[in-house]
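Novice: Here is a sequence together with a model predicted from it:
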Amino acid sequence: MMFNYHFADLIYRQAEKYQSRQAILYRDDSTGKWLKISWNEFAEKVRLTSQALVEFGLRPQDRVGTYSQNMPECFYCDYGCYGARAISVPMYATSSPAQVEYIIRDAEISLLFVGEQLQYNNAFKVQQEVGGILKQIVIFDPAVVRNPADKTSVFFDEFLRMGDNTYADTEVKIRRNQASPDDIANILYTSGTTGGSKGVVLRHSCYLEAMRTHDIRLPMLSEHDITMCFLPFTHVFEKAWSYLCFHRGVTNTVNRDPKILQQTIKEVRPTVMCSVPRFWEKVYAGVSEKINSATGVMKKIFENALIVGRTYNIDYKRKGIKPPAKLAAQFHFYDMTVFSLLKQKVGIERGRIFPIAGAPLADHITEFLLSVNIPMKYGYGLSETTATVCFFPDVHYEIGSVGKIMPDLEVKISPDNQEILVKGKTITTEYYHNPEETAKAFTDDGFFRTGDAGRLEGDTLYFLERIKDLYKTSNGKYIAPQAIELSLSGGKYIEQCAVIGDAYKFVSALIVPSFPALEEYAILSGISYLNREELIAKDEIIRFYQSIIEECQKEFASYEKIKRFTLLPQPFTMESGELTDTLKLRRNVIAKNYAAQIEAMYL
């Protein structure tokens, strides 16, 4: 699978190879049917997009924005940009007008693709604010209603027709021949848990190296696989994974609406799919509840299946040791029955590779997923590293780690603060228009500072904590909030948790209950209430959560344990600014929004 071609040519090469075979599937929400886009059709859309960009007047390395939820058009635009040697600048579909305006100004974006009505409305508002910078808005969804004052925006199909001429066709062919690995492919603006947004520059050479090293580490990925694109395509993890899938001929199904993910996964039943830990925490909670609610013979079968699965996959297979014949027979029986049924409930029974990254995953959830034979590949990476720094290989990996370092990537640990430092061809060269931050990001010998603390044992990396997230209590003790939050993850009754403690004398927490489970518990316990606010104020409920927290914290030192907590009636959300677009906590925003509740815990 080694290759030496540019992304400007990728889709055309695949179309020559696969022709009418399906490349993309997307869901028609009006009928519920999945519609096919062949490799030939994909290549034609990419060609027309490149030509329309040239006809618009875009020069090599000009910036083009995409502000949309996941849609097939996002793929056309990325590869269309590469054919025209333009730079693709994605924005999260949930970005506010202020965030969009910042990126448009910083990257000097003259043309912006938008998805649905919300993105169009925001973009049109921004266009009025940025003067002549944003010259053209192109709309993907034909159902969007344009503002009566809008005289310039066009729909995507109209835009494509603009470039269907001989001049644009010839110019694109010239640019494709001139395309260089040193060209900038993307500027990815970080959603940021702290501080302002920075534009991460990723060159084509970063992605080409990522394709090469993943070919080495994931040789089993093939054209017979089908993936589900449900994380935002804006995020480097989903973007790099989708690129790898197209490079390997995998069919990519597009989940446009995150709210119906549970339904679409069951409809598609992907064989491969990248995801963040939150998805698997919910899988763990659901399957655990099913097992725990079983009685009699079924409960014993579930418990024995987990013991057999753990022994087979963790004690033998993980270590590269051939299991005893009796254990292998027991495991294959449970794999064909119990584990298969559990995975069918989620829609992942055909799964072969499930990369997981973007946030820490609790060890007990990792062990559970492996025990029920879910082929997860837990790893670690950042936008600045073109996603993957390391992940679990098939054998000889350590639970508690984030896997083995990728080929030809250098990783070391700073002796000063245990920071993970990385050097290699997949690493960003700079932050766009930000030389000061670029200088801060690299050591004198050229290693990128990840901002994460870690430990390295041979070629196995252990993630410890986001350095900026470390709390120091007023008693001088350092607290790692993510580790405490992880201890509470995957439970039936806790949806979200934000640990508090910086400059305070002890650790506290804001906890969002999983209300469906809590309300069921209240009914079974005979606890009456009028609304959620009244429910979480009940003494019985507070004592119940106290017992859950104490059980989860048994392994922590006394100064790390949550001493007080507040139950919240509503979740942390992206809309409120409390979560990033990849569902990480924005601790500074949470501290501001819940200042009164936090202060009350320390009175």
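Specialist: Arrived safely.
Novice: ok, which stretches of the stretch 451-600 of the chain are helices?
Specialist: Using DSSP state H, counting those that start in this stretch, the helices of the stretch 451-600 of the chain run over 481-487, 515-524, 532-537, 539-552, 587-593, 595-601.
Novice: and among these, the most buried is which?
Specialist: helix 481-487 (a mean of 21; mean count of other Cβ atoms under 10 Å). For every residue, glycine as well, the C-beta is placed using N, CA and C.
Novice: Show me how far it is from its chain's centre.
Specialist: How far helix 481-487 lies from its chain's middle: 19 Å, per Cα atoms, centre = their mean, to the nearest Å.
Novice: related to what we said a few turns ago, which of the helices of the stretch 451-600 of the chain sits closest to residue 468?
Specialist: Residue 468 lies closest to helix 587-593 among those, at 9.0 Å (Cβ to Cβ).
Novice: coming back round to it: can I get the helices of the stretch 451-600 of the chain in JSON lines with mean pLDDT and distance to residue 51?
Specialist: Output for the helices of the stretch 451-600 of the chain, formatted as JSON lines (pLDDT from 0 to 100; distance: least, Cβ to Cβ, whole Å):
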{"stretch": "helix 481-487", "mean pLDDT": "89", "distance to residue 51": "47"}
{"stretch": "helix 515-524", "mean pLDDT": "94", "distance to residue 51": "51"}
{"stretch": "helix 532-537", "mean pLDDT": "96", "distance to residue 51": "54"}
{"stretch": "helix 539-552", "mean pLDDT": "95", "distance to residue 51": "57"}
{"stretch": "helix 587-593", "mean pLDDT": "92", "distance to residue 51": "43"}
{"stretch": "helix 595-601", "mean pLDDT": "94", "distance to residue 51": "54"}
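Novice: would a markdown table of those helices with distance to residue 122 be doable?
Specialist: Below are the helices of the stretch 451-600 of the chain laid out as a markdown table (distance: least, Cβ to Cβ, whole Å):
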| stretch | distance to residue 122 |
| --- | --- |
| helix 481-487 | 32 |
| helix 515-524 | 31 |
| helix 532-537 | 31 |
| helix 539-552 | 39 |
| helix 587-593 | 20 |
| helix 595-601 | 29 |
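Novice: And the helix or strand of the chain with the lowest mean pLDDT, what does it pack against?
Specialist: Ranking every helix and strand in the chain by mean pLDDT, DSSP states H and E puts strand 471-472 at the bottom, with a mean of 78. Applying 3 or more Cβ pairs under 8 Å, 6 or more residues apart in numbering; DSSP states H and E, we find strand 471-472 packed against strand 478-479.
Novice: Select the longest strand from this structure.
Specialist: Longest strand of the chain, by residue count under DSSP state E: strand 448-457.
Novice: Residue 113 falls within a strand, correct?
Specialist: Yes. Checked against DSSP: H, G, I helix; E, B strand; the rest coil, residue 113 lies within a strand.
Novice: Kindly provide the distance from it to residue 141.
Specialist: In this view, residue 113 and residue 141 are 11 Å apart by Cβ to Cβ, to the nearest Å.
Novice: And the two? Which one has more around it.
Specialist: For residue 113 versus residue 141, neighbours defined as other Cβ atoms under 10 Å are more numerous around residue 113 (29 against 18).
Novice: check contacts around that one.
Specialist: Shown in contact with residue 113 (Cβ atoms under 8 Å, 6 or more residues apart in numbering): 64-68, 73-74, 77, 138-140, 156.
Novice: Is it bridged to anything, and to what?
Specialist: In this entry, residue 113 is beta-bridged to residue 66, residue 138, by DSSP bridges.
Novice: tell me the pLDDT at it?
Specialist: Residue 113 is assigned 98 on the pLDDT scale.
Novice: repeat for residue 469
Specialist: At residue 469, the model reports a pLDDT of 79.
Novice: Could you pull up the contacting residues of it?
Specialist: For residue 469, the contact set (Cβ under 8 Å, 6+ apart) comprises 193, 480-482, 587.
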